[in-house]
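1. I would like the atomic coordinates for the input below:
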Amino acid sequence: MNELDISTENCIVEQDGHVLIVTLNRPEAKNAFTPAMLLGMYRAWRRLDEDDELYCAILTANGDTFCAGMDLKAGPDGQQANDDFMQVMSEVPNVHWQALLRDNRPCKPILLAVEGYALAGGTEILQGTDIRIAAEDAVFGVTEVARGLYPMGGSTVRLRRQIPYCIAAELLLCGEHMSAQRALEYGLINRIVQPGEALTAALGMARRICQNGPLAVKAVTRSLREQQEDMEEAAAMAASDALAGPVFASADAKEGMRAFKEKRPAVFKGE
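-> This next block holds a predicted model:
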């Protein structure tokens, strides 16, 4: 596993084969957001988009808390932003929302590996990921209202689309916690594992994704995210067909069918 030069003090970015691993690294403060953490995540998602050797990513964290969201102890002004973050923000005003997967999500799948508490921004960023693995003692919650705040990471829009409306309303309006078991029951996460095993399980699933055709995976990811359930079906199907055409015309598609006929593993090149 190789650490990349886009890492920051509070966000470690590594590459393991075709998988990008993004690790929040501020365990002493429950991985509450800092400018350095946001900058590392922003760089990671843009690298995921731009590097054809990367097929998917995993977001995880060091320590016994995944993420507590904004650093409330720093006050309403938050931590002082570092110079690198301010330079990027001067060119990309929504850099923080891109970091938190609210805006401009990468066109490749992102898996989530959660240990411990994922509250406020920790559950908001969850909603921008595609496949979610959690330890059985993980805890979720969009708790902003309990602090007199508004969940600006997109939960008022996304959460009601990902779980039943009344459950989303309960989470958002009561500001209470949700256990991993309940999150699983309502489809907020994919599976539960033993504490300490979330990243291992996510890596196993990521490697399974990497065995598939990267062009096909990228197109399916786009369709999943862009053809929302509130779209008219005919329009969604037309958009899906537009994504499918280049995939079926690719060398990877020919290789996949040839490998099936020859009863061997396919060797995809993303072409």
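
2. so what does residue 238 have for phi and psi?
-> Note on residue 238: its backbone torsions stand at phi -60, psi -40 [degrees, to the nearest 10].

3. if I look at it, how far off is residue 227?
-> Taking CB to CB, to the nearest Å as the measure, residue 238 and residue 227 are separated by 10 Å. C-beta here means a position set from N, CA and C on the backbone, and glycine is covered the same way.

4. comparing those two, which residue is more hemmed in?
-> Between residue 238 and residue 227, counted using other CB atoms under 10 Å, the more crowded position is residue 227 (17 against 12).

5. helices of the stretch 101-250 of the chain, residue ranges please.
-> Along the stretch 101-250 of the chain, counting by DSSP state H, counting those that start in this stretch, helices occupy 121-126, 155-162, 165-174, 180-185, 198-210, 214-226, 233-248.

6. so what touches the last one?
-> The reference is to helix 233-248. 213, 215, 216, 219, 222, 223, 226, 227, 228, 231, 253 (CB atoms under 8 Å, 6 or more residues apart in numbering).

7. give the buried residues for that helix.
-> 236, 240, 243, 247 (16 or more other CB atoms under 10 Å).

8. picking up where we left off before, buried ones from the contacts of helix 233-248, can you make that a PyMOL selection?
-> Here is the PyMOL selection string for the buried members of those, based on 16+ other CB under 10 Å:
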select buried, resi 213+215+216+219+222+223+227+253
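
9. where's the dip in pLDDT among the contacts of helix 233-248?
-> Least confident entry in the contacts of helix 233-248, by pLDDT: residue 228, with 68.

10. which one of the contacts of helix 233-248 is nearest to residue 9?
-> Nearest to residue 9 among these is residue 222, at 32.9 Å by CB to CB.

11. is it true that the closest one touches residue 109?
-> No - in this structure, residue 222 is not within contact of residue 109 by CB atoms under 8 Å, at 10.4 Å.

12. please name the nearest non-neighbouring residue to residue 23.
-> residue 12 (4.3 Å; CB to CB, 6 or more residues apart in numbering).

13. tell me the SS of the one you found?
-> Three-state assignment for residue 12 (DSSP: H, G, I helix; E, B strand; the rest coil): strand.

14. phi, psi of residue 40?
-> Phi and psi for residue 40, reported as degrees, to the nearest 10, are phi -60, psi -40.

15. how near is it to residue 20?
-> Residue 40 is 12 Å from residue 20, by CB to CB.

16. can you list residues touching both of these two?
-> Residues touching both residue 40 and residue 20 (CB under 8 Å, 6+ apart): residue 13.

17. want to throw the helices of the stretch 101-250 of the chain into JSON lines with distance to residue 264?
-> Shown next, in JSON lines, are these (distance: least, CB to CB, whole Å):
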{"stretch": "helix 121-126", "distance to residue 264": "38"}
{"stretch": "helix 155-162", "distance to residue 264": "38"}
{"stretch": "helix 165-174", "distance to residue 264": "46"}
{"stretch": "helix 180-185", "distance to residue 264": "37"}
{"stretch": "helix 198-210", "distance to residue 264": "17"}
{"stretch": "helix 214-226", "distance to residue 264": "18"}
{"stretch": "helix 233-248", "distance to residue 264": "21"}
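
18. nice, that's everything, thank you.
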